[in-house]
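J.: pasting a predicted model and its sequence here:
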Amino acid sequence: MLRYAITDRQMFPGDEQARREALIAQAARLSRDGVEYLQLREKDLSESETVALVKAVRAALLEGGGAPKLLLNGTAALAQWAGADGVHLSSTTFSQNLQTMRGLIVSASCHTIADVRRAAEFADVILFGPVFEKRVAGELVSEGVGLDRLREACAEAEGLPVFALGGVDHSNAQACVDAGAAGVAGIRMFA
């Protein structure tokens, strides 16, 4: 089972500096644990802050001894400038110029089977969900689409690895793999 961790420094206590340090420490731990992908999802940072954080996280991943692919939530241009291995696109940012993504791993969030079909044209990795639920700040935002819909998404992905996202934890991760997912993705699961 492949693992795709997503960052959220806001879940750590303390001031901004303490949260960034905790995120960097988390990256080193995830690298030691053998996580295959780490998506830096810190959308509120400026470009220069993002580049600095990518460099610090990259150093932590190397220190951790593993080899996770570092993907940046944002534009392909920023991912390349920052030195990330790839870029993560939400379903609303699929329209980025595909030419700018050459040499980058492209991860795409998909919420519908139509999204999966579109992403299969350009992505290397697909995140599909929410499978079980979506929560923001502990509040339920939406119910999950279920394992049958995950199974359908995996079949539509044309052989691309699909990661189950949304309410996935250690108790239901294997059910996602049994439904055809290559692995699992999340924030809380890897906290």
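T.: Arrived safely, thanks for sending. Numbers count the residues shown, from 1 in each chain.
J.: now do the contacts for Glu47.
T.: By C-beta atoms under 8 Å, 6 or more residues apart in numbering, the residues touching Glu47 are 78, 81. Placement of C-beta: from N, CA and C, glycine included.
J.: try 10 Å this time
T.: If you count contacts by C-beta atoms under 10 Å, 6 or more residues apart in numbering, Glu47 has them with 74-75, 77-78, 81-82.
J.: repeat for Arg102
T.: With C-beta under 10 Å, 6+ apart, Arg102 has these contacts: 76, 80.
J.: from Ile6, how far off is Val51?
T.: When distance is defined by C-beta to C-beta, to the nearest Å, Val51 is 19 Å away from Ile6.
J.: how about Arg149?
T.: 20 Å.
J.: so these two - more neighbours on which side?
T.: Comparing Arg149 with Ile6 by neighbour count (other C-beta atoms under 10 Å), the higher total belongs to Ile6, at 20 against 17.
J.: who's the more buried one bridged to?
T.: Gln39 (DSSP bridges).
J.: tell me which residues in the strand or helix carrying Arg29 are buried?
T.: Secondary-structure assignment from DSSP states H and E places Arg29 in helix 16-32. For helix 16-32, the neighbour count (16 or more other C-beta atoms under 10 Å) marks 19-20, 23-24, 26-28, 30-31 as buried.
J.: export these to JSON lines and append columns for distance to Lys43 and pLDDT.
T.: As requested, those are exported to JSON lines (distance: C-beta to C-beta, whole Å; pLDDT from 0 to 100):
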{"residue": "Arg19", "distance to Lys43": "14", "pLDDT": "97"}
{"residue": "Arg20", "distance to Lys43": "15", "pLDDT": "97"}
{"residue": "Leu23", "distance to Lys43": "14", "pLDDT": "98"}
{"residue": "Ile24", "distance to Lys43": "18", "pLDDT": "98"}
{"residue": "Gln26", "distance to Lys43": "17", "pLDDT": "98"}
{"residue": "Ala27", "distance to Lys43": "17", "pLDDT": "98"}
{"residue": "Ala28", "distance to Lys43": "22", "pLDDT": "97"}
{"residue": "Leu30", "distance to Lys43": "20", "pLDDT": "98"}
{"residue": "Ser31", "distance to Lys43": "23", "pLDDT": "97"}
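J.: OK, contacts around Trp81?
T.: 47, 50-51, 54, 72, 75.
J.: relative to Glu133, which of those residues is nearest.
T.: Nearest to Glu133 out of those is Leu72 (C-beta to C-beta; 25.9 Å).
J.: which of the three states applies to that closest one?
T.: What DSSP: H, G, I helix; E, B strand; the rest coil gives for Leu72 is strand.
J.: ok, now Lys55?
T.: helix.
J.: where exactly do the helices run in this protein?
T.: 16-32, 47-64, 76-82, 113-119, 147-156, 173-178 (DSSP state H).
J.: closest to Gly64 out of the buried residues of helix 16-32?
T.: Using C-beta to C-beta, these come closest to Gly64 at Ser31, 2.6 Å.
J.: from what I can see that closest one touches Gly65, true?
T.: Yes. Using C-beta atoms under 10 Å, Ser31 is in contact with Gly65, at 6.3 Å.
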